[in-house]
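# Below are the sequence and a predicted model for it; my questions follow.
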Amino acid sequence: MSSPTPAIVLAHGFGGRGDLPVPFSLALAGAGIAVVASFVLAAWSWPVPRFEDPDGGRPLPLRVSQLLDASWTRWAIRAVGLIFAAYVAVAAWFGPDILTNPTFGVVYVWLWVGLVPLSLLFGPVWRLLNPLRPVHLALARLLRVSPTHGLVPLPAGLGTWPAAVGLFAFVWLELVAPGAATLPVVRLWFTAYAVITVFGALVFGRRWFDCGDPFEVYSRLFGRLSVLARRPSDRRFVLRNPLAHLAMPPDGGYVPGPGAVAVVVVLLGSTAYDGVSQSTGWVGFVQRAALPEALLGTGALICFILLAAVTYWSATVACGWLAPARGVDAARRLPGAFAGSVVPIALGYLVAHYFTLFVLEGQRTLALLSDPLSTGADLFGLADYEVHAGLVNDPQVVALVKIGAVVVGHILGVVAAHDRAVALFSRREALLGQIPLLVVMVGYTLGGLTLLFAT
Amino acid sequence: MPDQTRESRSPTTKVAVVVGAAVVVVAAMLLVVLALGVGSGTGSESSDTPVERLEVTIEDGTVTPNARRVEVTEGTRIELTVTSDEEDALHVHGYDEEVEVQPGETATLSFIADRAGRFEIETHHTEQLVYQLIVKP
């Protein structure tokens, strides 16, 4: 029962126990349900879009809406984000480089995984919590630059491409980078991210955060599946069907079109790579290969993202060939127009891959935050907090949640895609026009399920 | 009037019915599989502990086996034998078991796999995944 030295733990990344592969029978059942549900839904067409009603939803009481929009509420939330980021920065710069430093848990579990449920509950929360926004505001005031307009206008064709690049950089850090679980690497990444993001916002104004900050775009993406939404007409908070929220026309901050597809395929492709890279087949290949692990990992990550991009893009373009879309130049806009319907699928994958990590390591990070510098301190009295594994300890429950997440994500994706098809194509052609995308979605789901039982 | 209401609601109802049916089917199938799984899992337990012997060889910087998956059931005794021509250590993640090996010697590590999950057995200096241990409940 020798306790491992920190150096050994450090060399091996994050978390000790992995999930069991999902039983084959369960994966097969999930695959069957996904395929059957897809074609039942496609055949059971509804003639008019059900979710594209921008002013639908049940408004929150005016007082609640006003309270949420009050400037002191918003500044209080910003202060929480800023203080917490500063606290973690202290741990990252002055704490020891061991895995019990809370920085790793905060970055890889709380931020990357935790932002998903937070955004699902409250919408694009990172807009408010983002510590770089107040930093940018202060710097802009100091330098006498307009925080809103910056120095030059934001190029129109940019869309969310910068954020897609940033998201790629983050998944590369998490899944490929040598020393991803060492402080110098994490510090370097976040310093570069902060400098680029704040500099971009100073140059282009704060709209840069909407299109260039990967975490804001990530939060907004999953925030579009939230029950809480803003009505575009009067910005009032409403509760609405998440699929209706997903289909909602772009409001103030959302930039559809350029980059929207890139963001989605980076998430899909990187999650697939995450699954494959844990398989003994891949690890065995890398260990015997002549090329360095980081190079092979980077290549494979890019390949998976390109695979997701090519399949998605060609499917939506094929949709346009089968059914002429309404409006001028509509066919070229099809990949972007359908991008939202892939979000539930990406969400299903993320849940399947990360929820046990989130439950276990998320709690452990809470305990570690009580002793940020590993000095034996117990600032919040949580240092001795015992991780409650609960249902995560039961492999059958874990397997059910994983398969369930992928299958439910798939079904929601198909429903959303069908609704988009009805809106984009004439009624007669909508059925035909959605088939290529449906086939690709089934492919994604079967691939995801295969990874769950094979790795 | 009631007809009109029905007419305007029917597509929503259709969606609800389809989604609802899909969810019910998912739940039903998963429950069946779960029931089968639970049924097969609670078999009679033999008194003597099953043993899984695993060998590791480190020779000229090459670690054998190379990322091999091994499946055992919970409660199996794992006996690891390491032979190496260099100084190294073997680490079992999750169980946090470790064994060091000296050049030209053989070291052994024995522990009971009493927690279900997927565990990686890796060498320290050469940083290679040797076994992926799947402990089934």
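Done, it's in.
# Please list all residues in contact with the residue nearest the centre of chain A.
By C-alpha atoms, centre = their mean, chain A has its centre lying nearest to residue A:218, at 4.6 Å. Going by C-beta atoms under 8 Å, 6 or more residues apart in numbering or on different chains, residue A:218 touches A:115, A:119, A:126, A:163, A:167, A:263, A:267. Where you see a C-beta, it was placed from the backbone N, CA and C, and this is true even at glycine.
# Equivalent analysis for residue A:388, please.
If you count contacts by C-beta under 8 Å, 6+ apart, then residue A:388 has residue A:363 around it.
# and it, which of the three is it?
coil (DSSP: H, G, I helix; E, B strand; the rest coil).
# List the backbone torsions phi and psi for it.
With angles defined as degrees, to the nearest 10, residue A:388 sits at phi -90, psi 100.
# Residue A:20 now?
phi -70, psi 150.
# ditto for the one 4 residues further on
Listed backbone geometry of residue A:24 is phi -60, psi -40, with angles given as degrees, to the nearest 10.
# Could you tell me how far the residue nearest to the centre of chain A is located from chain B?
Distance, residue A:218 to chain B, by C-beta to the nearest C-beta, to the nearest Å: 27 Å.
# follow-up on the earlier one: quick check: the two most widely separated of the contacts of residue A:218?
Across these, the longest distance by C-beta to C-beta is 15.1 Å; it joins A:126 and A:267.
# The two: who's more crowded?
residue A:267 (26 against 23; other C-beta atoms under 10 Å in any protein chain shown).
# didn't the more buried one look like it was pressed against residue A:347?
No: assessed by C-beta atoms under 8 Å, residue A:267 is found out of contact with residue A:347, at 9.0 Å.
# rewinding a little: please read off the pLDDT at the residue nearest to the centre of chain A from the model.
Note on residue A:218: pLDDT of 96.
# try the one 3 residues further on
We note a pLDDT of 92 for residue A:221 in this prediction.
# That one: what's it in contact with?
Residue A:221 touches A:119, A:263-264, A:267, A:343, A:346, counting by C-beta under 8 Å, 6+ apart.
# Show me what the helix or strand hosting residue B:133 is in contact with.
Element membership for residue B:133 (DSSP states H and E) is strand B:129-136. Residues outside strand B:129-136 that contact it (C-beta under 8 Å, 6+ apart): A:20-21, A:280, A:283-284, A:287, A:395, B:54, B:56, B:63, B:65-74, B:76, B:78, B:90, B:92, B:113, B:115-123.
# if we can go back for a sec, of the contacts of residue A:221, just say which sits nearest to chain B.
residue A:343 (16.8 Å; C-beta to the nearest C-beta).
# So that closest one is in contact with residue A:222, correct?
Yes: contact criterion C-beta under 8 Å: residue A:343 and residue A:222 qualify, at 7.0 Å.
# picking up where we left off before, out of the contacts of residue A:218, who has the most neighbours?
Among those, residue A:163 has the most neighbours (other C-beta under 10 Å), with 30 neighbours.
# isn't there a strand covering it?
No: the assignment for residue A:163, made by three-state DSSP, is helix rather than a strand.
# so can I have CSV of the contacts of residue A:218 showing secondary structure?
Shown next, in CSV, are those (three-state DSSP):
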residue, secondary structure
A:115, helix
A:119, helix
A:126, helix
A:163, helix
A:167, helix
A:263, helix
A:267, helix
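# where in chain B is pLDDT low?
Along chain B, segments meeting pLDDT under 70 span B:1-23, B:25-26, B:28-47.
# ok, which stretches of it are strands?
Per DSSP state E, chain B carries strands over the ranges B:51-59, B:62-64, B:68-73, B:76-84, B:88-92, B:97-101, B:105-113, B:117-123, B:129-136.
# Shouldn't the residue nearest to the centre of chain A be within a helix?
Yes: assessed by three-state DSSP, residue A:218 belongs to a helix.
# Just want to check the distance between it and residue A:310.
22 Å (C-beta to C-beta, to the nearest Å).
# Residue A:75 now?
Computed as C-beta to C-beta, the residue A:75 to residue A:310 distance reads 45 Å.
# Check the average confidence over stretch A:438-452, would you?
92.
# what's next to it, contact-wise?
Contacts of stretch A:438-452 (C-beta under 8 Å, 6+ apart): A:21-22, A:27, A:30-31, A:34-35, A:38-39, A:42, A:268, A:271-272, A:275-276, A:279, A:308, A:311-312, A:315, A:342, A:345, A:348-349, A:352, A:402-403, A:406-407, A:410, A:413-414, A:417.
# What is the lengthiest helix in chain A packed up against?
Identified as the longest helix of chain A according to DSSP state H is helix A:330-368. Secondary-structure packing of helix A:330-368 (3 or more C-beta pairs under 8 Å, 6 or more residues apart in numbering or on different chains; DSSP states H and E): helix A:115-122, helix A:214-223, helix A:242-247, helix A:260-277, helix A:293-322, helix A:395-424, helix A:435-454.
# Break chain B into its domains for me.
For chain B, automatic domain parsing gives the domain ranges B:6-36, B:51-136.
# Check those domains for me and report the most buried one.
Highest mean neighbour count among the domains of chain B (mean count of other C-beta atoms under 10 Å in any protein chain shown): domain B:51-136, with a mean of 18.
# Setting the sequence-adjacent residues aside, check what's closest to residue A:421.
residue A:434 (3.9 Å; C-beta to C-beta, 6 or more residues apart in numbering or on different chains).
# Going by mean pLDDT, which of the helices and strands packed on helix A:330-368 comes out lowest?
Looking across these, the weakest by mean pLDDT turns out to be helix A:242-247, at a mean of 83.
# Just checking that one against chain B, any contact.
No: taking C-beta under 8 Å from any C-beta of the partner chain as the criterion, helix A:242-247 and chain B are apart, separated by no less than 9.1 Å.
# Would you mind pulling the contact partners of that helix?
Taking C-beta under 8 Å, 6+ apart as the rule, helix A:242-247 contacts A:49-53, A:56-57, A:224-227, A:229, A:340-341, A:343-344, A:412, A:415-416, A:419-420, A:423.
# Of those, keep whichever come out buried.
Neighbour-count burial (16 or more other C-beta atoms under 10 Å in any protein chain shown) applied to the contacts of helix A:242-247 gives A:49-51, A:56-57, A:224-227, A:229, A:340-341, A:343-344, A:412, A:415-416, A:419-420, A:423.
# Count the neighbours of the residue nearest to residue A:305 when sequence neighbours are not counted for me.
Excluding its sequence neighbours, the residue lying closest to residue A:305 (C-beta to C-beta, 6+ apart) is residue A:269, at 3.2 Å. Other residues near residue A:269 come to 25 when the count uses other C-beta under 10 Å.
# you'd agree residue A:269 is up against residue A:310?
No: counting by C-beta under 8 Å, residue A:269 stays clear of residue A:310, with 10.2 Å between them.
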